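*Asks:* take a look and give me a structure for this.
(2 chains)
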Amino acid sequence: AQTVTQSQPEMSVQEAETVTLSCTYDTSESDYYLFWYKQPPSRQMILVIRQEAYKQQNATENRFSVNFQKAAKSFSLKISDSQLGDAAMYFCAYRGNNAGNMLTFGGGTRLMVKP
Amino acid sequence: EAQVTQNPRYLITVTGKKLTVTCSQNMNHEYMSWYRQDPGLGLRQIYYSMNVEVTDKGDVPEGYKVSRKEKRNFPLILESPSPNQTSLYFCASSYTPSRAEAFFGQGTRLTVV
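*Replies:* Reported below is the predicted structural model:
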């Protein structure tokens, strides 16, 4: 079974600074997808960024980028120029070829942004 | 607008009183799933369905039931709720189990006293 680990329960960053959230995972599959979801106080789950395991290039979405290290099974999220609206819970998630499990989530990292 | 709709958003109930949380999607997705979210544990899958009349257990199915009589609806049933089922619940859907993005409902905060 796949597992996803987020080792940082809480992080804080100064507004306009850069922060990196860590995620590691364990799998025996070679083809899979990785995601970062944002959950603001509204509780809505918002997809931030996705990475296909077969792609070597790291995904980027505006101020959000990932550092995908397939051999190390590491998938960190970098947020540049942090904004107050970035404050939220962030979940790392894995999706493989097992038809049963849509997504396996990490425990989450609460990000606080200081003005 | 493409969406997954859960109801209710908040529910307080007493131990043993049967309840149903509804979930409906308007994207013609085959795949639907229920998750519960607890502090420090992230979201864990309760049940999933790959199509009408096809359902199976996820990681934490005890105490829950589901049904998939129509493609768009996937209700979660708690026959006899207990306090350890107090949690935040999410319904999600996607086109296929793998590759495609999952769309989430707004969440249901359930408290069992």
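
*Asks:* got the contact list for the nearest residue to B:P83 once chain neighbours are set aside?
*Replies:* Closest residue to B:P83 apart from its sequence neighbours, by CB to CB, 6 or more residues apart in numbering or on different chains: B:V112 at 5.0 Å. The C-beta positions use only the backbone N, C-alpha and C, and glycine is treated the same way. Contacts for B:V112 (CB atoms under 8 Å, 6 or more residues apart in numbering or on different chains) come out as B:13-15, B:81-86.

*Asks:* so B:V112 bridges to which residues?
*Replies:* The partner list for B:V112 in beta bridges (DSSP bridges) reads B:T13.

*Asks:* kindly report the same for B:T108.
*Replies:* Partner residues in beta bridges with B:T108: B:Y89, with DSSP bridges as the criterion.

*Asks:* do I have it right that it meets B:I12?
*Replies:* No. Distance between B:T108 and B:I12: 11.5 Å, which falls outside the contact criterion (CB atoms under 8 Å).

*Asks:* who's more crowded, these two?
*Replies:* More neighbours sit around B:T108 than around the other of B:T108 and B:I12, counting by other CB atoms under 10 Å in any protein chain shown; the figures are 23 against 10.

*Asks:* go ahead and flag the most central residue of chain A.
*Replies:* Among the residues of chain A, the smallest C-alpha distance to the mean C-alpha position (CA atoms, centre = their mean) belongs to A:W36, namely 3.2 Å.

*Asks:* pLDDT score assigned to that one?
*Replies:* Taken from the predicted model, the pLDDT recorded for A:W36 is 97.

*Asks:* shouldn't it be in contact with A:S65?
*Replies:* No. With contact taken as CB under 8 Å, A:W36 and A:S65 are classed as non-touching, separated by 10.2 Å.

*Asks:* and for those two, which residues touch both?
*Replies:* For the pair A:W36 and A:S65, residues contacting each of them under the criterion CB under 8 Å, 6+ apart are A:49, A:77.
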